[in-house]
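In: sequence unknown, structure follows:
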Ligand code: FES
């Protein structure tokens, strides 16, 4: 009985320990793949007319095969003048609810606690203490790319979110 108990306890410990060990080693596995530095296409520039703000989506580069549709990440793309863009995280800078763009008022509004942002992403009113987080971007071969690093949320250190305005190629 004692030996059977040891074997069963060992099996349970292995089943419970494997995900924890995989979690602890995940930063090493990810850095080897270079996922954090990947440029991700948001599509052709024609999808983002000058002077407008449009919703775009991209597939999270740090994804598991079972993530399905939850790996599709939305973001807001603002085309200032066909040479300068802003790509905003959809998450409110307060507690991360998805913000929505209202072209009639020229504001991003958060449905959770009434946070509001101007069209350039700066804070307008409400509980957020800062403006919307922005992705770095670049334009290449008529397509808009963003940096697929850690998602820009309140938990990510600002040093990871350096904005790099790049001119059109
Ligand atoms: Fe947007 Fe609180 S999460 S205002």
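Out: In hand now; what should we look at? Only a predicted model underlies this, so the values are computations on that prediction, with no experimental measurement involved.

In: element containing residue 15?
Out: For residue 15, the element it lies in under DSSP states H and E is helix 2-33.

In: what do you get for residue 112?
Out: Per DSSP H and E: nothing holds residue 112, as it lies in no helix or strand.

In: that one touches residue 99, doesn't it?
Out: No: shown here, residue 112 and residue 99 do not form a contact pair, counting by CB atoms under 8 Å, at 9.3 Å. C-beta coordinates here come from the backbone N, C-alpha and C atoms, glycine included.

In: mind listing what residue 126 touches?
Out: By CB atoms under 8 Å, 6 or more residues apart in numbering, the contact set of residue 126 is 94, 110, 113, 114, 115, 116.

In: which SS class is the fourth one?
Out: To tie it back to what came earlier, the one meant is residue 114. Classification of residue 114 using DSSP: H, G, I helix; E, B strand; the rest coil returns coil.

In: what's the pLDDT at it?
Out: If you check residue 114, the pLDDT there is 96.

In: assign residue 124 to helix, strand or coil.
Out: Here residue 124 is strand, with the state taken from three-state DSSP.

In: and it, how many neighbours?
Out: By other CB atoms under 10 Å, 17 other residues sit near residue 124.

In: how close does it get to residue 136?
Out: According to CB to CB, to the nearest Å, residue 124 and residue 136 sit 24 Å apart.

In: so for residue 112 and residue 99, which residue has more residues nearby?
Out: Comparing residue 112 with residue 99 by neighbour count (other CB under 10 Å), the higher total belongs to residue 99, at 26 against 14.

In: give me the phi and psi for the closest residue to the more buried one other than its chain neighbours.
Out: Among residues not flanking residue 99 along the chain, residue 108 sits closest, at 4.4 Å (CB to CB, 6 or more residues apart in numbering). Residue 108 has phi and psi values of phi -90, psi 130 when expressed as degrees, to the nearest 10.
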